[in-house]
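Q: Here's my sequence, what's the structure:
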Amino acid sequence: MSKPTNAELTEQLAQARAELADKRNGINQAWHYILHDMPELERRKVQTFTAFNIDDVYASIHPLLIKHGVIIVPRVVSYEWRDGTFPNGGACLDFVLTVEYDFIAISDGTKFTAVGFAQGRDNQDKGPNKAIQQALKYVLIQMLQINTGEDAEEDPGDTPAAKEAAEAAQAKAQRESDILHYTNKAKAAIFSMAKNDKDEAKRGFELALHAAELTEIVTSDDADKVIDEASDIYEPVPKESEPITDGSDAPFEDGPHSG
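A: From the prediction side, this is the model:
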């Protein structure tokens, strides 16, 4: 019996590989089945807009990954921290992340890779967690071809409702800042009138506030009005002994009006 030629061996090997491939799902075929079985997802309302919840995405795809033999392995490519600002003007940290996700078929180890980008914003240490959650969420939304009903160029933060909420938050923050600033200004003046006696200054502040028919000091005029009322209670002190009254700090604390 003659030995097979190199050409015959090459042909036999190719045929064996083709037969083996027919018996294996492979990542492409497995993902096709996942797409076929993927249920419809509903968006939930989040503040002023609607979005897909990451838990819903996980709950939907988890049994399909098991059924069709696919695992997902993340790999962080890059990340960085950036200084950011909330809509109300508060400081925060932005965690910007790039992740590669390998989708691997357990039947034969074939895979494809998808890249996710995300930004997690927080004023403590939860930025990385938010970013990694969002990165996988949007990779899965794209890979599963989930119809979001959103225009990629439309930013939820640009909607009228979102802008109104941001403006309201900014106005609230400004009001709180004004109350602190002008209340401290009045307190500093009254503290000087009371000859640096904290207990007496607290009493004089409450009397002057009541006399001015105010419950809180919001504007510069309110502060001036309270100071005028206090000047009727105390004898004026020489200007050279008066403390700085720019509202930067309060010389005493007094309940809801404290700085």
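Q: biggest helix in this structure by residues?
A: helix 160-193 (DSSP state H).
Q: Would you map the strands across the stretch 1-150 of the chain?
A: Taking DSSP state E, counting those that start in this stretch, the strands of the stretch 1-150 of the chain run over residues 44-46, 49-51, 70-85, 91-105, 111-122.
Q: how far away is Phe95 from Met143?
A: 23 Å (Cβ to Cβ, to the nearest Å). Where C-beta positions appear, they are placed from N, C-alpha and C, glycine not excepted.
Q: for this protein, where's the lowest mean pLDDT among helices and strands?
A: Ranking every helix and strand in the chain by mean pLDDT, DSSP states H and E puts strand 49-51 at the bottom, with a mean of 58.
Q: For the stretch 1-150 of the chain, give me the ranges with low pLDDT.
A: Within the stretch 1-150 of the chain, the stretches with pLDDT under 70 are 1, 17-25, 43-52, 147-150.
Q: In space, not sequence, find me the middle residue of the chain.
A: Centroid check for the chain by Cα atoms, centre = their mean gives Arg121 as the closest residue, at 3.7 Å.
Q: Look up phi and psi at the closest residue to Leu144 other than its chain neighbours.
A: Spatial nearest neighbour of Leu144, excluding adjacent residues (Cβ to Cβ, 6 or more residues apart in numbering): Met38 at 5.4 Å. Here is the backbone geometry of Met38 (degrees, to the nearest 10): phi -60, psi 120.
Q: What about Met38, how many residues nearby?
A: 16 (other Cβ atoms under 10 Å).
Q: any idea how far Ala16 is from Asn88?
A: 67 Å.
Q: of these two, who's got more company?
A: Between Asn88 and Ala16, Asn88 has the larger neighbour count (other Cβ under 10 Å), namely 15 against 10.
Q: Distance of the more buried one relative to Lys67?
A: 46 Å.
Q: Asn129 now?
A: 28 Å.
Q: just Ile54 next, same as before
A: For Ile54, the distance to Lys67 - Cβ to Cβ - is 21 Å.
Q: same check, this time on Arg121
A: On the measure of Cβ to Cβ, Arg121 and Lys67 end up 36 Å apart.
Q: Same question for Gly120.
A: Taking Cβ to Cβ, one finds Gly120 at 31 Å from Lys67.
Q: neighbour count winner among those two?
A: Neighbours per residue (other Cβ under 10 Å) separate Gly120 from Lys67, with Gly120 holding more: 20 against 12.
Q: ok, that one touching Asn129?
A: Yes. At 6.8 Å, Gly120 and Asn129 qualify as touching, with contact defined as Cβ atoms under 8 Å.
Q: what residues go with each domain of this protein?
A: 10-147, 162-257 (automatic domain parsing).
Q: about what we covered before: what sits against the residue nearest to the centre of the chain?
A: The contact partners of Arg121, taken as Cβ atoms under 8 Å, 6 or more residues apart in numbering, are Gly84, Phe86, Cys92, Leu93, Asp94, Phe95, Gly127, Lys130.
Q: switch the cut-off to 6 Å
A: Going by Cβ atoms under 6 Å, 6 or more residues apart in numbering, Arg121 touches Gly84, Cys92, Asp94.
Q: go on, Trp81?
A: Leu93, Phe95.
Q: my read: Ile71 touches Phe103, true?
A: No. The pair Ile71 / Phe103 is not scored as a contact, 7.8 Å apart, by Cβ atoms under 6 Å.
Q: Between those two, which has more neighbouring residues?
A: Between Ile71 and Phe103, Phe103 has the larger neighbour count (other Cβ under 10 Å), namely 21 against 12.
Q: in terms of contact, does that one touch Val115 like I think?
A: No. Look at Phe103 against Val115 with Cβ under 6 Å: they stay out of range, at 11.9 Å.
Q: tell me how far the ends of stretch 35-54 are from each other?
A: 18 Å (Cα to Cα, to the nearest Å).
Q: Pull out the buried positions in stretch 199-218.
A: Glu200, Ala201, Lys202, Gly204, Phe205, Leu207, Ala208, Leu209, Ala212, Leu214, Ile217, Val218 (16 or more other Cβ atoms under 10 Å).
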